[in-house]
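Chemist: Have a look at this fold, sequence not included:
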């Protein structure tokens with residue numbers, strides 16, 4: 001086989017799973033219920049965030065929180081302060097791609 005296959009977990013409970021982490025890219029799948037999210041942090045690479053379902057509530061740097069619905073794709077620059085969460089009843093599901101992959 002030439003390809004390598006990765007499988008996402010499907011469901012409705014909180015999950016943050018690193019599917020691909022190599023020298024090129026980090027590919028992360030996340031599911032959050034209402035009131036869940038990530039701790040506030042600085043982006044450690046360029047971040048491309050796709051809303052698969054639900055509504056993303058995100059504060060970037062000193063901006064107020066903006067909301068993005070299913071189908072939205074955000075490009076967030078390196079070293080941006082991020083506050084990511086779900087403030088809605090509907091489940092939030094995201095795909096996050098970090099490119100280039102962060103150096104640890």
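Modeler: Perfect, thanks for sending it. Just so we're clear, the structure is a prediction, and the values are computed from it rather than from any experiment.
Chemist: excluding its backbone neighbours, what's nearest residue 83?
Modeler: The spatial neighbour of residue 83 that comes closest, neighbours along the chain excluded (C-beta to C-beta, 6 or more residues apart in numbering), is residue 59 at 3.9 Å. C-beta: built from backbone N, CA, C; applies to glycine.
Chemist: got it, and residue 85?
Modeler: Leaving aside its chain neighbours, residue 85 sits nearest to residue 37 (2.7 Å; criterion: C-beta to C-beta, 6+ apart).
Chemist: Any idea how many residues pack against that neighbour?
Modeler: Here the number of neighbours of residue 37 (other C-beta atoms under 10 Å) works out to 20.
Chemist: Would you mind naming the helix or strand containing the residue lying closest to residue 87 once chain neighbours are set aside?
Modeler: Spatial nearest neighbour of residue 87, excluding adjacent residues (C-beta to C-beta, 6+ apart): residue 57 at 4.3 Å. Under the criterion of DSSP states H and E, residue 57 resides in strand 55-60.
Chemist: what's in contact with that strand?
Modeler: For strand 55-60, contacts defined as C-beta atoms under 8 Å, 6 or more residues apart in numbering pick out 37, 49, 65-70, 72, 74, 76, 80-88, 90, 92, 94.
Chemist: Any of those buried? List them.
Modeler: Those of the contacts of strand 55-60 that meet the buried threshold are 37, 49, 68, 74, 76, 82-86, 88, 92, 94, by 16 or more other C-beta atoms under 10 Å.
Chemist: Can you lay out the residues you listed as a markdown table showing pLDDT and distance to residue 3?
Modeler: Conversion of those to a markdown table gives the following (pLDDT from 0 to 100; distance: C-beta to C-beta, whole Å):
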| residue | pLDDT | distance to residue 3 |
| --- | --- | --- |
| 37 | 98 | 33 |
| 49 | 98 | 25 |
| 68 | 98 | 31 |
| 74 | 98 | 28 |
| 76 | 98 | 29 |
| 82 | 98 | 32 |
| 83 | 97 | 36 |
| 84 | 98 | 30 |
| 85 | 97 | 34 |
| 86 | 98 | 33 |
| 88 | 98 | 36 |
| 92 | 98 | 29 |
| 94 | 98 | 24 |
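Chemist: how about those in CSV, adding distance to residue 7 and secondary structure?
Modeler: CSV is the format used below for those (distance: C-beta to C-beta, whole Å; DSSP: H, G, I helix; E, B strand; the rest coil):
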residue, distance to residue 7, secondary structure
37, 24, strand
49, 21, strand
68, 26, strand
74, 25, strand
76, 26, strand
82, 27, strand
83, 29, strand
84, 23, strand
85, 26, strand
86, 23, coil
88, 27, coil
92, 20, strand
94, 17, strand
